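My questions concern the predicted model and sequence given below.
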Amino acid sequence: MSAKKIALVTGTGGELGAAIAARLDSEGYSVVGLDLRAPATAGNYRHYSCDLTDIPALGATLEQIRREVGPIQLLVNNAAYYNPVSFWELTPEQIQRTLAVNVTAVMYACQQVAKQMRDAGGGVIVNMASIAGRGGTSQIDYGASKAGVINLTGTLGRLLAEHNIRVNAIAPALIDAGMGKVLPPAVKEKYLQTTPLKRAAQPSEIANVVAFLASEQSSYMTGATVDVNGGL
Ligand SMILES: NC(=O)c1ccc[n+]([C@@H]2O[C@H](COP(=O)([O-])OP(=O)(O)OC[C@H]3O[C@@H](n4cnc5c(N)ncnc54)[C@H](O)[C@@H]3O)[C@@H](O)[C@H]2O)c1
């Protein structure tokens, strides 16, 4: 068992998840990463492999982490599924996968980890939403899933306050990582042209806000979704 605070970060197979894990490690957390894929970068964290669409496997992995590492004090729900296909080509399987990874798994992980936090006297959850969750995206499965993340973050912030568990989200726009790199070029170009800061975020600029929301510096924040979007 670790004497440090334990942080679980999902999606550490991607650059943003890896940047968040590295930042939390530098803040003194004992970091656990969870992903389908191997870690994006070699870092000072333990990796657990799990498919977030498999809820029994997710439950078993969370329990395994609790047993092997200890109770989770910080949960960062960062993993997500995004596949840029047009509305007309969208299949029921894709819709289900997007909602399974981006909403169902987030909701379930929040519930299971909140039980550990409640029993330990408190904790912090940070969910990765997106500007797409604020509306206006043509990728309707992804946009609806991220609207779900914003909604559940607000509700859980209120619901879990009495257990000393704070829940907040971050809504980035274009990041120079992962999904930001596979966006259709026209969509990417539109973001770059309309973003007042005229560039994509670096993963570290999002990880900075995760570290802030995880820390006591944000002790009066819960249920909020913070826009980190270059002014969009
Ligand atoms: N990159 C951007 O421009 C951008 C913008 C706004 C929000 N975001 C959000 O930031 C977060 C990280 O995105 P990213 O750009 O690093 O994406 P990414 O695709 O590089 O990383 C996402 C990670 O989630 C993992 N994942 C997906 N489905 C999974 C499953 N079923 N089980 C386990 N792991 C699974 C993937 O393996 C991957 O490693 C996401 O929540 C995304 O919605 C990204």
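Now that the structure is in, tell me what you want to look at.

Go ahead and confirm Gly70 touches Ile6.
Yes - using Cβ atoms under 8 Å, Gly70 is in contact with Ile6, at 5.2 Å. Quick note: C-beta positions are derived from backbone N, CA and C, even for glycine.

Mind checking which of those two has more residues around it?
When neighbours are counted by other Cβ atoms under 10 Å, Gly70 and Ile6 differ, and Ile6 comes out ahead with 22 against 18.

Are there residues contacting both of Gly70 and Ile6? Which ones?
Overlap of the contact sets of Gly70 and Ile6 (by Cβ atoms under 8 Å, 6 or more residues apart in numbering) consists of Ser30.

and the nearest residue to Gly123 once chain neighbours are set aside, how far is that from Glu189?
Closest residue in space to Gly123, ignoring its immediate chain neighbours: Met117 at 3.1 Å, by Cβ to Cβ, 6 or more residues apart in numbering. Met117 sits 42 Å away from Glu189, going by Cβ to Cβ, to the nearest Å.

Look at Leu34 and tell me its secondary structure.
Leu34 carries the three-state label strand when classified by DSSP: H, G, I helix; E, B strand; the rest coil.

Which residues are in contact with it?
Counting by Cβ under 8 Å, 6+ apart, Leu34 makes contact with Leu8, Val9, Thr10, Gly11, Thr12, His47, Tyr48, Ser49, Cys50, Thr61, Ile65, Ala79.

follow-up on the earlier one: higher neighbour count, Met117 and Glu189?
Neighbours per residue, other Cβ under 10 Å: of Met117 and Glu189, the larger number sits with Met117, 23 against 11.

Look up the pLDDT of the more buried one for me, please.
You'll see Met117 listed with a pLDDT of 98.

So it sits against Val167, correct?
No - with contact defined as Cβ under 8 Å, Met117 does not count as touching Val167 (10.1 Å).

shared neighbours of the two, anything?
Shared contacts of Met117 and Val167, counting by Cβ under 8 Å, 6+ apart, come down to Ile125, Leu160.

Once you drop chain neighbours, what's closest to Thr12?
Distance criterion Cβ to Cβ, 6+ apart; nearest residue to Thr12, sequence neighbours excluded, is Gly33 at 3.1 Å.
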